[in-house]
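K.L.:
let's see this in three dimensions:
(2 chains)
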Number of protein chains: 2
Amino acid sequence: MKTPAALAALALALAARADEGMWTFNAFPGDLVQQRHGFKPDARWLETARLASVRLAQGCSASFVSASGLVMTNHHCAHECVAQLSTPERDYVKHGFLAKAAADELRCPELEVNQLEAITDVTAQVQRATAGKEGAAFADALKAEKARLEQACQASDALRCEVVTLFHGGRHDLYRYRRFQDVRLAFAPELAIAFFGGDPDNFMFPRFALDVAFLRVYQDGKPTATPAHLRWSPAGARDGELTFVAGNPGSTSRELTVAQLAYQRDVRLPSSLMDSLEVRGQLTEYARRGAEQARHSQDLRFYLENGIKANKGMLAALRDDAFFQRKVADEAAFREALVRDPELARTALPALDAVARAQQILRRMRPRLRYQEWGQGFAGTLFEHARALVRGGEERRKPSGERLEEYADAALPALTQRLFAEAPVYPELERFRLAGSLTRLREDLGVDDAFVKKVLGQEAPEEAAARLVDGTRLADPKERRRLWEGGAAAVAEAAKTDPMLALAVAVDPDGRAVRRAYEDEVEAVVRKAGEALADARRRIHGTSGYPDATFSPRLSFGRVAGLVEDGRPVPPFTTLGGAFARATGREPFALPPSWLEAKGRLDLATPFNLATTNDIIGGNSGSPVFNQRLEVVGLVFDGNIWSLGGDYGYDPALNRAVAVDSRAILAALDRIYDARRLVKELEGSGARPKAGR
Amino acid sequence: MKTPAALAALALALAARADEGMWTFNAFPGDLVQQRHGFKPDARWLETARLASVRLAQGCSASFVSASGLVMTNHHCAHECVAQLSTPERDYVKHGFLAKAAADELRCPELEVNQLEAITDVTAQVQRATAGKEGAAFADALKAEKARLEQACQASDALRCEVVTLFHGGRHDLYRYRRFQDVRLAFAPELAIAFFGGDPDNFMFPRFALDVAFLRVYQDGKPTATPAHLRWSPAGARDGELTFVAGNPGSTSRELTVAQLAYQRDVRLPSSLMDSLEVRGQLTEYARRGAEQARHSQDLRFYLENGIKANKGMLAALRDDAFFQRKVADEAAFREALVRDPELARTALPALDAVARAQQILRRMRPRLRYQEWGQGFAGTLFEHARALVRGGEERRKPSGERLEEYADAALPALTQRLFAEAPVYPELERFRLAGSLTRLREDLGVDDAFVKKVLGQEAPEEAAARLVDGTRLADPKERRRLWEGGAAAVAEAAKTDPMLALAVAVDPDGRAVRRAYEDEVEAVVRKAGEALADARRRIHGTSGYPDATFSPRLSFGRVAGLVEDGRPVPPFTTLGGAFARATGREPFALPPSWLEAKGRLDLATPFNLATTNDIIGGNSGSPVFNQRLEVVGLVFDGNIWSLGGDYGYDPALNRAVAVDSRAILAALDRIYDARRLVKELEGSGARPKAGR
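P.N.:
Model (predicted):
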């Protein structure tokens, strides 16, 4: 029998074996990496990694891979841009896109690239501003202080400053990004190979997908100089080799209390899945109306399917009794530790209970939050624009710190970029989505509900949707710009004759009311409790570890590694030849003509996709995988099916990041797409090839 | 403060106030009704009630309301027949149907009416046959004994004998029904008024729907004489009046253990909802392809929507923490009682644990059960026919007691009625449903799964669906009859060239394997445990109460009663005038032209729908509501939203049955539909009107 001391040592050894963690750049555990992998990144290394890896503000990651602003990301991160640039005559989604010359690079209507320049700890300022406050007062003080800090930091529109709240309220850091809004498309392969295997293969490994796109950031009409960038490794990585992934994991829930996890398991995930599945059913049929309808809805369908599969995986993790009971046991042990410490019993114990009570409130509040504030009854871009205009007019009359946070000065450049974008609006799709969501609004709140009556009157959902979409002028970016610039008065005047604006005006008080209740009774409670809980964890566990993901830059370390799945070993690399073997000629397993034609020119043994133990999550899509010499060896585009449970906890045996191998990217550019300009640019930035592949 | 004795008395009083219970006709608590409502049904009264109320074998309830075989049920119970009799030229769903003369009554292709003639307790025989057996041996012995009992009882095809297992294995009764397979449609109103308020109003009260249809049973081409029938009460019922409901509640889960309830809450209900919602999304769009597509899919859409709303309500009940914790506490108390009794500790305690273990097995087994055996990857009637033919050929070679139970001799008349029915098959709808379900099969089991590969090969789901539906000859009832009569040899020969039959042959072993595992490891375990648990409950609680619903005839008592909902009193009756007030002219709140035209001829104060405390559940649709004089005062067509939680427990304050008032039915037949023949027949059978309305 093992002694307690031996067990403790074993636990430490196990912990030290795990490549877990989405670390912030200002608290990266270099010593741990040294201990586990024999390499310690220094400050200069970390700075280059931070500046070379960027965020796509719309929800992805990317990296600079040349000195001339060349950005590597996933096809699925650039997909919306590719779709927006497409027309019935030139469908870049289907046929791919290559800018033969620099002048052929096309501007993406809505993409924004953020490069993290500096991090400042502002915890003390925030805690001073909120000290002794509760509920609404706490929420107001927190918002005002964050807006003040962001505003003070944001010297120009070329900067984007965000106070990032870590440890659910335990720490606040001010992140200053350089913002690039002129982003152009340089290369995208055909969707058929970018998303080979489609939804069936999504979140799976082994895998065979060229999910890559190249963009370029411009300033003043010229490519931006990006001296801090990753070089290209044509040699790629070996099995077991140390790998880093820098990116922007969107959100994890590893620090959540059991009450919060139960809310996820019992309410959020099932309810969101039910909605998404019905919408998927409708959109699948919508896409069958014709080629254009299929093209217009493609992006939406991708995100929907992706979300469905991700949510199913997360729900499965939470429904795993053994897993959930471990969370319950952990919290019970934590609670016992709190009880034993008089100071923590006074601060953290009530915090834990307050979080639980807030979840009960949230459960009751959720239906109205979804429909009155989150806009889930008003699907489509037109209502989104209408709300931005109505609220933008109102909010900009107030000081920045008193506004709804998405209208604070620091947030406006991103908001207006989207609002003024020339991206096409598809009226048929808008009517379709709006009618579907109005039907769900009526179903969930009930036909006799006052809010439902306010929205629908005596109209059927289809009728209301047609009236709103056909009657609005907001599909025109010039009209949106005019109203934004005209402010509240212009919006109020236009709302007299624009039914979508009129709807946004009518439902605004309902949205604000439930949001206010949410912010005061749920969000503020959880944030305030977060301070006490983070502090308690530090006192009990001795270290704070890494914080839950917050769609801000993080760095993870790991290694190239296969896994054993149902007793079967899965090797870490696939090959180009594997894609040809898997192809059936039928969607989503149909290779594009360019690949079939180029087959003879390819070395089929070239590594295509690879798996690593890096700890990632949604938002990491587009993250570079690089070695200790800061050379790109891959491009993260997914996690395997076990990584979905990673939202709640990392399992070193099964959790894998899935990436495109740098060698496959180069081979495809060179042998299939004849993209010599890019190949030269990448190789020019590259290290000399090492021995062996 | 109340003493424990006072509290106990209070509890008793509360229990005695509840009109809970779906009682079997051979164990009806006459004394309880006497004590609560001052009326005790005698044996003759109970016999008339039993013979006058019938079952629609496809899943509804009904009653004889004249001496000439006239059957009253819900429109939604007859809807499939109305749809099957419709063509593009004469759409009876939309325009309604009235047989002006007896000769105009049209035969329903698939309806079967069952009248319960006798009940025999066969518990001793069944327990003798299964004594000392476990798992597969128990399952086999149980099946063989049930088949033997049914076969011995079933002297002719005009009889239908079923061993009904009550208390989840605690009791077995042999039910002998008279079977009527020549069922004709006499009257159906327009869907617009039968289902006024549509899905939004479904499971709601107040309510305004004429959900009624009249059928007639024939024998040898003539209306059947039905001396035992309910008379018509033109006077209707008063608020608070004692009411009886006889019908066939399909299934309740009130006796389930906590482990079984958790399976419902965490697995069955969410998973079933997710599927149904996606299918609803697809079908909604399918129906928009055109008027015919809408008509063909209407019935399916209704059942889907109805199921979605019901499952949402049931899930909400189980997700109600207070409710679930009560179930947990009840079981903990039961467990304690078991522990205290040495005999029960030996029998019932392990039974409780065995049920819990079986649920874990079921959780793991469920995906394969659904796709390999329950046919959820092969939606549509054509695969259903193919499987019936393939299995029918195989199974009929064995003695009845060794067959899959749906192929036992006693079950064959109902099976062949459906198999040989002339009901139309819609190829476009079949392809559509099949493609959708094959897609879900592939998604849920995974593209690399051996069963998926067996089904799809390299085909895309749409491709496979088109090949299967376009290539099969099973849409022709003559072909189905030929193959059924030809047996296994004919089927094997046809399967060489009929792809749907070939599919059914190919997947049959997979289905049988997982079903066998389910029957042995889950069903048999639960049934066997059911004996011990039912026995323990009787010993501890002194009485067995009423058994969970099993789609067999039950009788409930109650009274006309409104309710208080969110602090607002809801009166027990609505009026015809209320329907006109609620109408918006838009689906589903559009009254049909016949009503708008007849408005001036109607007494708008006529009671339209009513609520009673009778304990009902799905399957009770079409049940008569009658008074102590055996007079029809209403027709159950729904329960209110709180009745959905009734699956797990009856709440006397909120749980209500929703019925059409007999006065509204008569007024509509008389003043709107000019159905004098039926009015005369109903009034002829009726009691003399009493004072008042």
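K.L.:
report the contact partners of the nearest residue to A:R107 once chain neighbours are set aside.
P.N.:
Beyond its immediate neighbours in the sequence, the residue positioned closest to A:R107 (Cβ to Cβ, 6 or more residues apart in numbering or on different chains) is A:R184, lying 5.1 Å away. The way it works is simple: take the backbone N, C-alpha and C, and place the C-beta from them, glycine included. Counting by Cβ atoms under 8 Å, 6 or more residues apart in numbering or on different chains, A:R184 makes contact with A:A99, A:E105, A:L106, A:R107, A:C108, A:L215, A:R216, A:V217, A:Y218.
K.L.:
check A:T224 too.
P.N.:
Contacts for A:T224 were tallied using Cβ under 8 Å, 6+ apart; they are A:S68, A:G69, A:F180, A:R216, A:V217, A:Y218.
K.L.:
phi, psi for it please.
P.N.:
Per-residue torsions, A:T224: phi -80, psi 140 (degrees, to the nearest 10).
K.L.:
for A:V33, grab phi and psi.
P.N.:
When quoted as degrees, to the nearest 10, the phi and psi of A:V33 stand at phi -70, psi -40.
K.L.:
check the gap between it and chain B for me.
P.N.:
Applying Cβ to the nearest Cβ, to the nearest Å, one obtains 36 Å for the distance of A:V33 from chain B.
K.L.:
okay, the residue of the stretch 301-450 of chain A at minimum distance from chain B: pLDDT?
P.N.:
Residue nearest to chain B within the stretch 301-450 of chain A: A:V447 (4.0 Å; Cβ to the nearest Cβ). In the predicted model, A:V447 carries a pLDDT score of 92.
K.L.:
and it, how close does it get to B:A348?
P.N.:
Relative to B:A348, A:V447 is positioned 47 Å away (criterion: Cβ to Cβ, to the nearest Å).
K.L.:
between the two, who's got more neighbours?
P.N.:
When neighbours are counted by other Cβ atoms under 10 Å in any protein chain shown, A:V447 and B:A348 differ, and B:A348 comes out ahead with 26 against 19.
K.L.:
what about the residue nearest to A:R107, which helix or strand?
P.N.:
If you go by DSSP states H and E, A:R184 is part of strand A:182-188.
K.L.:
looking at this, the residue of the stretch 301-450 of chain A closest to chain B is in a helix?
P.N.:
No. Counting by DSSP: H, G, I helix; E, B strand; the rest coil, A:V447 is not part of a helix but coil.
K.L.:
surely it touches B:D201?
P.N.:
Yes. A:V447 is within contact range of B:D201, at 6.9 Å (criterion: Cβ atoms under 8 Å).
K.L.:
just give me the neighbour total for A:E587.
P.N.:
For A:E587, the count of nearby residues is 11 (other Cβ under 10 Å).
K.L.:
report pLDDT for the residue nearest to it when sequence neighbours are not counted.
P.N.:
If you skip the residues right next to it in sequence, A:E587 has B:A460 as its closest partner in space, 6.2 Å away by Cβ to Cβ, 6+ apart. Per-residue pLDDT puts B:A460 at 92.
K.L.:
give me the neighbour count for A:G457.
P.N.:
Counted with other Cβ under 10 Å, the burial measure for A:G457 works out to 10 neighbours.
K.L.:
who are the contact partners of the closest residue to it other than its chain neighbours?
P.N.:
In space, and not counting its chain neighbours, A:G457 is closest to A:A464: 7.8 Å by Cβ to Cβ, 6+ apart. With contact taken as Cβ under 8 Å, 6+ apart, A:A464 is in contact with A:L434, A:A435, A:L438, A:V455, A:L456, A:G457.
K.L.:
check which helix or strand covers the residue lying closest to the residue of the stretch 301-450 of chain A closest to chain B once chain neighbours are set aside.
P.N.:
Closest residue to A:V447 apart from its sequence neighbours, by Cβ to Cβ, 6+ apart: B:P200 at 4.0 Å. When elements are defined using DSSP H and E, B:P200 is found to belong to helix B:198-201.
K.L.:
need the residues that contact that helix.
P.N.:
Contact partners of helix B:198-201, identified using Cβ under 8 Å, 6+ apart, comprise A:442-443, A:446-447, B:207-209, B:305-306, B:309, B:587-589.
K.L.:
and these, which of them are in helices?
P.N.:
A:R442, A:E443, B:E305, B:N306, B:K309 (DSSP state H).
K.L.:
these: which two are farthest apart?
P.N.:
The most widely separated members of these are A:R442 and B:N306, with 16.8 Å between them, by Cβ to Cβ.
K.L.:
more neighbours: which of these two?
P.N.:
A:R442 (23 against 18).
K.L.:
and the closest residue to the more buried one other than its chain neighbours, how many neighbours?
P.N.:
Ranked by Cβ to Cβ, 6+ apart and with sequence neighbours excluded, the top spatial neighbour of A:R442 is A:V452, at 5.4 Å. For A:V452, the count of nearby residues is 20 (other Cβ under 10 Å).
K.L.:
what helix or strand is A:V452 on?
P.N.:
Here A:V452, judged by DSSP H and E, is contained in helix A:450-456.
K.L.:
and that helix, what's buried?
P.N.:
When burial is assessed from 16 or more other Cβ atoms under 10 Å in any protein chain shown, helix A:450-456 yields the following buried residues: A:F451, A:V452, A:V455, A:L456.
K.L.:
please save the CA atoms from it in PDB.
P.N.:
Once side chains and other backbone atoms are set aside, the C-alpha atoms of helix A:450-456 remain, and they are given as PDB (Å, rounded to 0.1, in the frame of the first residue of the first chain):
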ATOM      1  CA  ALA A 450     -46.700  40.900 -23.600                       C
ATOM      2  CA  PHE A 451     -43.300  41.100 -25.200                       C
ATOM      3  CA  VAL A 452     -44.400  38.700 -27.900                       C
ATOM      4  CA  LYS A 453     -47.500  40.800 -28.600                       C
ATOM      5  CA  LYS A 454     -45.400  43.900 -28.800                       C
ATOM      6  CA  VAL A 455     -43.100  42.300 -31.400                       C
ATOM      7  CA  LEU A 456     -45.700  40.400 -33.500                       C
END
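K.L.:
send the alpha carbons of whatever helix or strand comes next after it over as PDB?
P.N.:
Tracing the chain past helix A:450-456, the next element assigned as helix or strand by DSSP H and E is helix A:461-471. Below are the C-alpha coordinates for helix A:461-471, written out as PDB (Å, rounded to 0.1, in the frame of the first residue of the first chain):
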ATOM      1  CA  PRO A 461     -43.800  35.400 -38.000                       C
ATOM      2  CA  GLU A 462     -43.300  35.100 -41.800                       C
ATOM      3  CA  GLU A 463     -45.400  38.100 -42.300                       C
ATOM      4  CA  ALA A 464     -43.600  40.300 -39.800                       C
ATOM      5  CA  ALA A 465     -40.200  39.100 -41.200                       C
ATOM      6  CA  ALA A 466     -41.200  40.100 -44.700                       C
ATOM      7  CA  ARG A 467     -42.400  43.500 -43.600                       C
ATOM      8  CA  LEU A 468     -39.300  44.200 -41.600                       C
ATOM      9  CA  VAL A 469     -36.700  43.000 -44.100                       C
ATOM     10  CA  ASP A 470     -38.500  44.400 -47.200                       C
ATOM     11  CA  GLY A 471     -39.200  47.700 -45.500                       C
END
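K.L.:
give me the angle between the helix or strand A:P509 falls within and helix A:461-471.
P.N.:
When elements are defined using DSSP H and E, A:P509 is found to belong to helix A:499-518. Orientation note: helix A:499-518 sits at an angle of 110 degrees relative to helix A:461-471 (axes from the mean of the first three to the mean of the last three Cα atoms, to 10 degrees).
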